[in-house]
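> Quick one, fold the following:
(one chain, ligands or ions: 1)
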Amino acid sequence: MAVGMSKPDNVAKAVKFIEEASSNGANIVSLPVSNLISNQIVMKRIVVVLVTVVVMVVVIVVVEVVVAAAATPATAAVVVVVVVVVVVTVVVVVVVVVVVTVEFFSSWQQAEPIPGPTTDALSQAAVSNSVYIVGGSIHERYRDKSFNTCAVFCPLGELIAKHRKVHLFDIDIPGQITFKESQNFAPGDQLTVFQTPYCRVGVGICYDIRFPEMSRIYAEQGCELLVFPAEFSIATGSKHWELLQRVRAVDNQVFVASASPARNSKGDYIVWGHSCVVDPWGDIIAKADEKESIVYADVDLSRLEEVRQVLPLDHHKRYDLHLPTQPSVSSSLRQHQ
Ligand SMILES: O=C(O)CCC(=O)C(=O)O
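Coordinates of the predicted model:
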C-alpha cells in the first residue's frame with residue numbers, strides 16, 4: 001500500500017486492504033513497514049526549510065544594520081561585532097531547539113503504546129475479517145523507549161506476538177543512503193514465532209532479513225513461513241530485495257513473504273516496493289511491482305515437504321562442524337504454541 005503522511009488515513013487504508021484480502025480468501029495478512037508511521041523525512045525537510053528561513057532573515061537584518069552603521073564610522077566596528085555575536089548565538093539556539101524538538105516529536109510523540117489506538121484498529125480488523133494479521137510496524141512507546149514493532153493478531157483479536165525490530169538500520173552508503181535508525185529506536189531483544197492452524201510463522205522487520213542466523217533459528221524452531229514487513233529503498237532494494245528473500249527461502253527451505261509499501265515519488269528515501277512471496281525452492285510465486293497492490297500466495301506445505309525430501313539438507317547438516325545457534329524465542333511463542 002502507498003503510505004501517506006496521515007497516520008489515521010494509513011490505518012484506515014490498511015484496514016480496507018485487510019478486508020479486501022480476506023474477502024479474496026486470505027487467512028494470514030501482512031502489512032508493510034511504515035504503513036502506520038508518518039514520514040520522518042518530511043519532518044526533517046521542514047526543519048531544514050525553517051532553519052534556512054531564520055538564517056536568511058537574520059542575514060538580511062545584519063546587512064541592514066551594518067549598512068546603517070557604516071554611515072557613522074566610529075561606531076561601525078563595535079556594531080558589527082555585537083551583531084555578529086548576537087546572530088551566531090541566535091542561529092545556534094534556533095538550530096538546537098528545532099532539531100531537538102523535531103527529533104523528540106518524530107521519535108516520541110508519534111509513538112504509541114501497545115495496546116493503543118493503532119493496534120486496537122488492527123485487532124478489530126482481525127476479528128471482523130477472521131484473519132491473522134502481521135501488523136507491519138508501528139512506532140511503539142514503552143516506558144522511556146521507542147521500538148519499531150510488529151504486532152500480530154489472531155482472528156479472535158488477541159495480540160499473540162510482538163516483534164520489536166532486532167537489527168537497527170544504521171548505515172552509510174556514500175552518495176546513496178545514510179540512515180541511523182538507532183537515533184529514534186531501541187533494538188528489540190527477542191525473536192518472534194507464532195503458530196497458526198495453517199503453518200508456523202517467524203517474524204522479522206526489514207533489515208532483520210539480512211541476518212541469516214535469525215531465519216535459521218526460525219527454521220530450526222519449526223517455522224514454515226517467514227514474514228518480513230519491510231521498506232527497502234531503491235538503493236539497496238534494486239540489488240538485494242529479491243536476492244535476500246530467495247536465499248533465506250532456499251537455505252532454510254521455508255516460504256518467505258516480504259511486504260513493502262508502494263513506491264513513493266517524493267522524499268529522500270525512495271521505497272523499492274515489489275512485495276513478494278518466495279517458495280522453499282527459491283521460486284518467486286507472487287510478486288507486486290512498485291505500485292500499490294495486494295500480493296496473494298498459497299503456503300502449500302506439501303511443496304515444502306517435497307523440497308525437503310529431494311534436498312534433505314537437515315539430514316546432511318554437520319552440526320558437529322557448524323557453529324551452534326542460540327535459540328531465543330519471545331514469550332508469545334511459549335504461550336501460543
Ligand atoms: O537492509 C536494507 O537494505 C534496508 C533495510 C531498511 O530499510 C530498514 O531496515 O529500515
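
> buried stuff in the longest strand along the chain?
Criterion DSSP state E: the longest strand present in the chain is strand 145-153. Residues S146, F147, N148, T149, C150, A151, V152, F153 are the ones in strand 145-153 that count as buried (16 or more other Cβ atoms under 10 Å). (C-beta placed from N, C-alpha, C; glycine too.)

> pull the CA atoms of the next helix or strand along the chain from that strand into PDB?
For strand 145-153, the following helix or strand on the C-terminal side (DSSP states H and E) is strand 159-164. Taking Å, rounded to 0.1, in the frame of the first residue of the first chain, the C-alpha atoms of strand 159-164 are listed here in PDB:
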ATOM      1  CA  LEU A 159      -2.200  -9.900  20.400                       C
ATOM      2  CA  ILE A 160      -0.400 -13.200  20.000                       C
ATOM      3  CA  ALA A 161       3.100 -11.900  19.300                       C
ATOM      4  CA  LYS A 162       5.000  -8.700  19.200                       C
ATOM      5  CA  HIS A 163       8.300  -8.400  17.400                       C
ATOM      6  CA  ARG A 164      10.500  -5.400  18.200                       C
END
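
> in its sheet, what does strand 159-164 sit against?
Partners of strand 159-164 in the sheet, by DSSP bridges, are strand 145-153 (antiparallel).

> Check the offset of the partner strand from the chain's centre.
Relative to its parent chain, strand 145-153 has a centroid offset of 10 Å by Cα atoms, centre = their mean, to the nearest Å.

> same question, stretch 134-143
For stretch 134-143, the distance to the chain centre is 10 Å (Cα atoms, centre = their mean).

> close to the ligand, is it?
No - using Cβ under 6 Å from any ligand atom, we find that stretch 134-143 stays clear of the ligand, coming within 9.1 Å at best.

> Also stretch 186-206?
Yes - Stretch 186-206 is in contact with the ligand by Cβ under 6 Å from any ligand atom, via C206.

> Quote the end-to-end distance of that stretch.
By Cα to Cα, to the nearest Å, the extent of stretch 186-206 from end to end equals 15 Å.

> before we move on, back to that, which member of the buried residues of strand 145-153 is positioned nearest the ligand?
Comparing the buried residues of strand 145-153 against the ligand with Cβ to the nearest ligand atom places N148 closest, at 7.9 Å.

> Would you map the strands across the stretch 101-250 of the chain?
Ranges of strands in the stretch 101-250 of the chain, per DSSP state E, counting those that start in this stretch, are 132-134, 138-142, 145-153, 159-164, 170-173, 177-180, 192-195, 200-203, 225-229.

> Return the list of strands paired to the first one, each annotated with direction.
In its sheet, strand 132-134 lies beside strand 28-30 (parallel), strand 145-153 (antiparallel), with partners assigned from DSSP bridges.

> so can I have TSV of those showing mean pLDDT and distance to V11?
Shown next, in TSV, are the strands paired with strand 132-134 (pLDDT from 0 to 100; distance: least, Cβ to Cβ, whole Å):
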stretch	mean pLDDT	distance to V11
strand 28-30	98	14
strand 145-153	97	12
